[in-house]
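> A structural model of the following input is requested.
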Amino acid sequence: MRKKIAKRNCILRNLAITTRGASQSVLRTSTLALCYSAAEYCAPVWTTSLNTKLVDVKLRESIRTIGGCLKSTPIQWLPSIISITPPHIRREDATRKIILKNRGHGRQHTP
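Predicted coordinates:
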């Protein structure tokens, strides 16, 4: 997953540094569509893995690219700079939604 996001970060960098440059909203949408969607695929299954930190590093690179942040920018500020919920919270929400969905399927509905 980390390698997949790294490749997509290259696409974002190209979008951000072209002579015309993409707007902040286009870069934000592209980050959500390209990087975060890949990182959140099946996240409820692997959310407790130690490898999530490796994925989070690549997601922070995405945020730095589109936000124009330096590497010295504190990690906790990065998601708020571009108004994206932090990755660990997004994974928890995805897990919670699946649990609630599965609980609903266990009930028998009577007409």
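
> With just CA atoms, put the helix or strand of the chain with the lowest mean pLDDT into CSV.
Ranked by mean pLDDT, DSSP states H and E, the weakest helix or strand in the chain is helix 43-46, scoring a mean of 82. Output of helix 43-46 as CSV, limited to C-alpha atoms (Å, rounded to 0.1, in the frame of the first residue of the first chain):
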residue,chain,number,x,y,z
ALA,A,43,-8.6,-0.4,6.3
PRO,A,44,-10.9,-2.0,8.9
VAL,A,45,-9.1,-5.3,8.3
TRP,A,46,-5.5,-4.0,8.7
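
> my read: residue 75 touches residue 59, true?
No - shown here, residue 75 and residue 59 do not form a contact pair, counting by C-beta atoms under 8 Å, at 10.7 Å. (Glycine included, C-beta is placed from N, CA and C.)

> Looking at the two, which has the bigger crowd around it?
residue 59 (25 against 11; other C-beta atoms under 10 Å).

> Low-confidence bits of this structure, can you list those?
19-20, 105-111 (pLDDT under 70).

> Nearest the middle, which residue of it would you pick?
Nearest residue to the geometric centre of the chain (C-alpha atoms, centre = their mean): residue 36, 2.8 Å.

> Could you list every helix and strand in contact with the longest helix seen in the chain?
In the chain, assigned by DSSP state H, the helix with the most residues is helix 87-105. Judged by 3 or more C-beta pairs under 8 Å, 6 or more residues apart in numbering; DSSP states H and E, helix 87-105 is in contact with helix 37-40, helix 43-46, helix 52-67.
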